[in-house]
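Below are the sequence and a predicted model; questions follow.
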Amino acid sequence: MSMSMQGEIVLNERKEVVWELLRQPDVLKACIPGCDAVEKTSDTTYDAVVRVKLGPVSAKFRGNVTLTSAEAPDEYLISGKGDGGIAGMASGEAKVKLSESAEGTLLTYSVEAQVNGKMIQMGSRLINSVMRKMTDEFFANFAIKLA
């Protein structure tokens, strides 16, 4: 099952600061809902453990994430893959752009994700709802970190 999502948020900080904080494992761990661990394994890769609940299905996803900096600090690509055991697998990528705005930094994103396994039984509406909720929580937490 494939999903896509786009969005934007204005952050009250310069884009260079936003860029750096989005690459800090401790910041990511604090901002990602259900995150148990984020470990930087190289300048561009991270291992992560995230707990996700989809209706009656709870899973702990272990995976890796790669950041590809096309034009630092203006844009980058985040790609990742996670294994949730019996719940299934998830993979995807997000294109992130940072641009200056009157309030600080405008962050825009476009996400494409695929899930398979038992999670698909929950249906696309529930999966999309959980994905949107986790994304909104991440950015709300990140905005608090910047404050």
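Received it, and whenever you're ready, just let me know what you need.

what residue ranges in this protein are flagged as low confidence?
Scanning the chain for pLDDT under 70 picks out 70.

max-length strand in it?
Longest strand of the chain, by residue count under DSSP state E: strand 57-71.

what lines up beside the following helix or strand past it in the sheet?
Where DSSP states H and E defines the elements, the next helix or strand beyond strand 57-71 is strand 75-83. Strand 75-83 has the following strand partners under DSSP bridges: strand 57-71 (antiparallel), strand 89-101 (antiparallel).

Dump these to CSV, plus distance to residue 146 and mean neighbour count.
(C-beta placed from N, C-alpha, C; glycine too.) Formatted as CSV, the strands paired with strand 75-83 follow (distance: least, CB to CB, whole Å; neighbours: other CB atoms under 10 Å):
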stretch, distance to residue 146, mean neighbour count
strand 57-71, 19, 16
strand 89-101, 13, 17
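
Which of the three states applies to residue 23?
coil (DSSP: H, G, I helix; E, B strand; the rest coil).

Next up, the contacts around it.
By CB atoms under 8 Å, 6 or more residues apart in numbering, residue 23 lies in contact with residue 67.

how far away is it from residue 67?
From residue 23 over to residue 67 the distance is 7 Å, taken as CB to CB, to the nearest Å.

separation between residue 74 and residue 83?
Plainly put, residue 74 is 32 Å away from residue 83 if you go by CB to CB.

Go through the longest helix anywhere in the chain and flag the buried ones.
Counting residues, the longest helix in the chain under DSSP state H turns out to be helix 124-146. Across helix 124-146, burial judged by 16 or more other CB atoms under 10 Å covers 127, 130, 131, 135, 138, 139, 141, 142, 143.

now that helix, how far from the centre of its chain.
8 Å (CA atoms, centre = their mean, to the nearest Å).

what's the answer for stretch 32-39, then?
Computed by CA atoms, centre = their mean, the chain-centroid distance of stretch 32-39 equals 10 Å.

how far away is residue 28 from residue 67?
In terms of CB to CB, residue 28 sits 11 Å off from residue 67.

can you list residues touching both of the two?
residue 46.

Quick one: classify the nearest residue to residue 133 once chain neighbours are set aside as helix, strand or coil.
Setting aside the residues directly before and after it, residue 133 is nearest to residue 33 in space (CB to CB, 6 or more residues apart in numbering), at 7.8 Å. Secondary structure state of residue 33, per three-state DSSP, is coil.
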